[in-house]
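Engineer: Pasting a predicted model and its sequence here:
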Amino acid sequence: MARLRFIAAFLLSFAMVLGFSPAALGQETPTTMTPEEGGVVEPGGTIPGNPQVQLVKLADGLADPINIASPDDGSGRLFVVERVGRIRIIDKDGNLLDDPFLDISSQVKTDFLEQGLLGLAFHPDYANNGRFFVYYNDYSTVGDNFLVEYSVSKDDPNQADPDSARLLLSQDKPFVNHNGGSIHFGPDGYLYVAMGDGGLAGDPYDNAQKIDVWLGKILRLDVDAEGPIPYGIPKDNPYADTGVVLPSSQASQMAQDGSYHPDAKREVCNWGLRNPWQFRFDPKTGDLYIADVGQNLWEEVNVVPGDQPCGHNFGWDFNEAGHCYPGTLESCDKIGQLPVAEYKHDPGCSITGIGVYRGESSSSLDGIYFNSDYCSGDIYGLVQGEDGTWIYQILLDTDLSITGSGQDADGELYATSCQCVYGKSYDPEANPSGAVWHLVQADQVPDGAETAPTSSQATPSASVIKEH
């Protein structure tokens, strides 16, 4: 790894001699920082109003639920993604339906805890076109990442058409972990797809910083475009002109300023990510919040302004959150954009993004971004103060392993949990322990509702996850 970093530094210096700027190579101009000079906010602040939150159970008996999506179709349904390969429905009355909306468990690889059916997104016009998209690890290819489009059944709104599957893209994986998997439509109508760096510690293939691979990126696709491939490339993607015949004057200028990258992937929107889990857009502002799982020391939250959704490098694996990677370095280059918030591994281990609350039932939570941690079960709140500084606070300590999240059409936030662990002996179907929780302000808990149990220590699985 040290040799790879030396080579990378040499190539960067050589490129600068030739007149290519670091920004043109997919990096901002590096500045030097020491391991503790990131200047990123950590928990310990107090959010204005000191909001109190609670998690209220909506459903249980699920097999490794890890994601929730809700179409804007007026039905009030929540669609819960079970990692084992099923999508379940919670109807508007809070009932978990017995029959799955979609069951592709025979097509999904789940041998490793980070594999499975991971993402679900409904087309913005789902009420009229019935199109939705899923992201999973494919069984037949021994775990490749698949992005597939489906349609709802013409006869039953609670049943998908299993024969409507259309593959949009696939990505082969060097290792079983760091699959990413969150998919969402942005305010611009494009589909955003998060992929991890491919796995193992320290991104051994340096995928996150390469712009000629999809791994370690957020991709941006136009799924409504017509053409020879099943999606189009938004014209303002950073490398949208890759492989396109350009006017000679434009091509000449791009060659001069170093912005021509003949091998770059046109789908790339943002890069420098380790394993984003999960990202979400603020329904009001359009800002993009990305929770990126760290290596051994730090978890991070990145924020992208709604009017600049693409073109950001988040620094992995030169930096872990706002610090040098590896942490033993005395100093390092700050590559790209630092996160706005971070927290240490103790007792946490793996961040789970939730989202910005924009509902009406818990008005004191409006505008707060929430995330949790798989090991600690803590619920964090993050807001930007009037002076532009960020405030980060632990708002609730639970005994849950928070695995995923969701937001409905009304702006309400939800989280998923399970008693799931790494290991071949673990069978999520043997005794389904997964649950769905509604995030509310503490004084809005319905009478008789079950709330999240509290704890002050990490779950036993923490030490296992930190190794990955």
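Structural biologist: Right, received. Where do you want to start? Residues are numbered from 1 along each chain as shown.
Engineer: Run through the residues that contact Asp402.
Structural biologist: Actually, residue 402 is Ile. It isn't Asp. 352, 372-374, 377, 379, 415-417 (Cβ atoms under 8 Å, 6 or more residues apart in numbering). The way it works is simple: take the backbone N, C-alpha and C, and place the C-beta from them, glycine included.
Engineer: one more time with 10 Å, if that's ok
Structural biologist: Taking Cβ atoms under 10 Å, 6 or more residues apart in numbering, we find Ile402 in contact with 55, 66, 350-352, 354, 371-379, 415-418, 437, 452.
Engineer: Identify those among the residues you listed that sit within strands.
Structural biologist: Counted as lying in strands by DSSP state E, out of the contacts of Ile402, are 55, 66, 351-352, 354, 371-373, 379, 415-417, 437.
Engineer: start to end distance for stretch 293-308?
Structural biologist: Chord length of stretch 293-308, first to last residue, is 23 Å (Cα to Cα, to the nearest Å).
Engineer: Next: stretch 352-362.
Structural biologist: The first and final residues of stretch 352-362 sit 21 Å from each other (Cα to Cα).
Engineer: Stretch 415-435 now?
Structural biologist: With Cα to Cα as the measure, stretch 415-435 spans 8 Å from end to end.
Engineer: And it, what's buried?
Structural biologist: With burial defined by 16 or more other Cβ atoms under 10 Å, the residues of stretch 415-435 counted as buried are 415-420, 428, 432-435.
Engineer: now stretch 182-193: mean pLDDT?
Structural biologist: Mean per-residue pLDDT for stretch 182-193: 98.
Engineer: Output that stretch as CSV, restricted to C-alpha atoms.
Structural biologist: What follows is stretch 182-193, C-alpha atoms only, in CSV (Å, rounded to 0.1, in the frame of the first residue of the first chain):
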residue,chain,number,x,y,z
SER,A,182,-28.8,2.6,-1.6
ILE,A,183,-30.7,3.9,-4.6
HIS,A,184,-32.8,7.0,-4.7
PHE,A,185,-34.3,9.4,-7.3
GLY,A,186,-33.0,12.9,-6.8
PRO,A,187,-35.1,16.2,-7.1
ASP,A,188,-33.8,16.3,-10.7
GLY,A,189,-35.6,13.1,-11.6
TYR,A,190,-32.4,11.1,-12.1
LEU,A,191,-31.6,7.8,-10.3
TYR,A,192,-28.6,7.9,-7.9
VAL,A,193,-26.9,4.6,-7.1
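Engineer: quick one: low-confidence ranges for the protein?
Structural biologist: 1-38, 243-260, 455-468 (pLDDT under 70).
Engineer: Point to the residue nearest the middle of it.
Structural biologist: In the chain, the centroid-proximal residue (Cα atoms, centre = their mean) is Gln278; its distance is 2.8 Å.
Engineer: helix/strand/coil for that residue?
Structural biologist: Three-state call for Gln278 (DSSP: H, G, I helix; E, B strand; the rest coil): strand.
Engineer: From the ones in strands among the contacts of Ile402, pick the one nearest Asp447.
Structural biologist: Of all the ones in strands among the contacts of Ile402, Asp447 sits closest to Leu55, with 16.3 Å by Cβ to Cβ.
Engineer: Do a quick rundown of the strands in the stretch 151-300 of the chain.
Structural biologist: With strands called from DSSP state E, counting those that start in this stretch, the stretch 151-300 of the chain shows them at 160-171, 183-185, 191-194, 217-221, 268-271, 276-281, 288-292, 298-304.
Engineer: need those strands in a markdown table with distance to Leu147, can you?
Structural biologist: Below are the strands of the stretch 151-300 of the chain laid out as a markdown table (distance: least, Cβ to Cβ, whole Å):
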| stretch | distance to Leu147 |
| --- | --- |
| strand 160-171 | 5 |
| strand 183-185 | 7 |
| strand 191-194 | 6 |
| strand 217-221 | 8 |
| strand 268-271 | 14 |
| strand 276-281 | 15 |
| strand 288-292 | 18 |
| strand 298-304 | 21 |
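Engineer: picking that back up, buried by neighbour count, from the contacts of Ile402: which ones?
Structural biologist: For the contacts of Ile402, a burial check counting by 16+ other Cβ under 10 Å picks out 55, 66, 350-352, 354, 371-379, 415-418, 437, 452.
Engineer: Ser364 belongs to a helix?
Structural biologist: Yes: using three-state DSSP, the assignment for Ser364 is a helix.
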